[in-house]
Every structure is written in structure tokens, then in C-alpha cells.
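# Mind folding the following:
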Amino acid sequence: MKTMKIMTTVAVLVLVMAVCNHAGAHCDTLGGPVVQDARKALAARDVTPVLKWVQAKDEKQVKTSFARAMAAQGKKQQQAEEMKFFESMVRIHRAGEGAAFTGLKPAGTVEPVIAMADKALEQGSADGLITMVDGTVNKGIRERFQRVAEALKHKDENVAKGREYVAAYVDYTHYLERLQQSAGETGAHRGGTKEHAAPGEGHRH
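From the prediction side, this is the model:
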């Protein structure tokens, strides 16, 4: 039980520290932080607020897109150029992190935990976020533990029962491995060009 608690705590802390390191988090949504700062830049007629989201080598491209949006005439053209600017910002940001861009998604299309992560930042406290993730991880471990513990009792009765045990055991151990691997990961968005071990890699069955 002590080991489970430690693993749960590690997983919670990793998620809290890596909120925007999600495989896309919600940086590619219209309600995400990149587009929010892009809107601020347009409103202030100053590109500065969005430059932090891109690498220095990409600033020229961002400024060009920003200038086109600012120069647009007429409501329809302005809306079109602003959307192009948003898409350009997110694409460049994602590329800089070695992640693919598959288009802007509607606001609100984000995992509940990421929404809670943003709320935690707004409130200045991670308590609610930790409680949420702690409950999810606890539930995940306990359910898999109970399943494999029950299967263990019957694994030698016949081949079918044995296979049920193996399937439950593999799911149980790989789940824990993924938690541990996440705890050891650093860097930018997951799913980028950096190589990471696949779920369950290193533990063969």
C-alpha cells in the first residue's frame, strides 16, 4: 500500500508540473493559451504577447502573419486573416516543440484534467487538481490490482483461467510502468520528435 501511495503521489506531481506538456494539451484549441495571447496581441496591435510561444528563429514568420491580420480590411477579410494568424501561431508553436499540427479545434475540446489544470493556475492552488488526479490514479491502480489478484487465485485451474490471469497481470504492470515512465519524462510536448519508450516497453511478457 505504501508503494502504491508513493506511485500515486509521483504521478500527481508529474501531471501538475507538466500540464502544458500534454501531447497537445489544448494549445491547438481556439480556447487555448496560444490563441488567447494571439487575441490579446491583435487587440493591443502589438505582437509581443505571442512571441513567447515560439522560438526566436520563428519570430519573423509570426510577425509577417500578424502584420497581414492587422492590415486586413473589412469584417470578413479581418476574420479570415485573424483565423490564419491563429492557425499560423499554433502550427509554429507546435513545430517548435516537435509536435504535429492537425488544425485548430473548437474551444472546450480539452480533457477535463487540463481544464482543471488551468483552473488551478487561475485560482493559484493545485489542491483541487491533485485531488482529481489522485482519485483517478488510485482508482486505476485499485481496479487493476483487484482484477489481477482475483485472477491469481484461479490461474492454474485451466488454460483459459491462466490466460485471464496473464492478461490482467500485463495490464496491471504496464499501467504502473506508464506511471513510472511519465514520472521520469522531461521536456516539451509528448508525441514530438523526442524518443520515448512505448507503454510497457522494457517489461516483457
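# Low-confidence bits of the chain, can you list those?
Scanning the chain for pLDDT under 70 picks out the ranges 1-26, 107-111, 113, 183-205.
# how about a cut-off of 50?
4, 6, 8, 13-24, 188, 190-204 (pLDDT under 50).
# At which residues are the helices of it located?
For the chain, helices defined by DSSP state H occupy the ranges 2-17, 33-44, 48-51, 59-71, 75-96, 112-123, 127-152, 159-184.
# Dump those helices to CSV, plus distance to residue 106 and mean neighbour count.
(Each C-beta comes from the backbone N, C-alpha and C, glycine too.) Shown next, in CSV, are the helices of the chain (distance: least, C-beta to C-beta, whole Å; neighbours: other C-beta atoms under 10 Å):
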stretch, distance to residue 106, mean neighbour count
helix 2-17, 24, 15
helix 33-44, 11, 18
helix 48-51, 20, 18
helix 59-71, 20, 16
helix 75-96, 12, 18
helix 112-123, 14, 15
helix 127-152, 23, 15
helix 159-184, 28, 16
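# could you dump these to JSON lines with distance to residue 103?
Listed next are the helices of the chain as JSON lines, based on distance: least, C-beta to C-beta, whole Å:
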{"stretch": "helix 2-17", "distance to residue 103": "26"}
{"stretch": "helix 33-44", "distance to residue 103": "13"}
{"stretch": "helix 48-51", "distance to residue 103": "19"}
{"stretch": "helix 59-71", "distance to residue 103": "16"}
{"stretch": "helix 75-96", "distance to residue 103": "7"}
{"stretch": "helix 112-123", "distance to residue 103": "18"}
{"stretch": "helix 127-152", "distance to residue 103": "28"}
{"stretch": "helix 159-184", "distance to residue 103": "27"}
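# between those, which one is nearest to residue 102?
helix 75-96 (9.1 Å; C-beta to C-beta).
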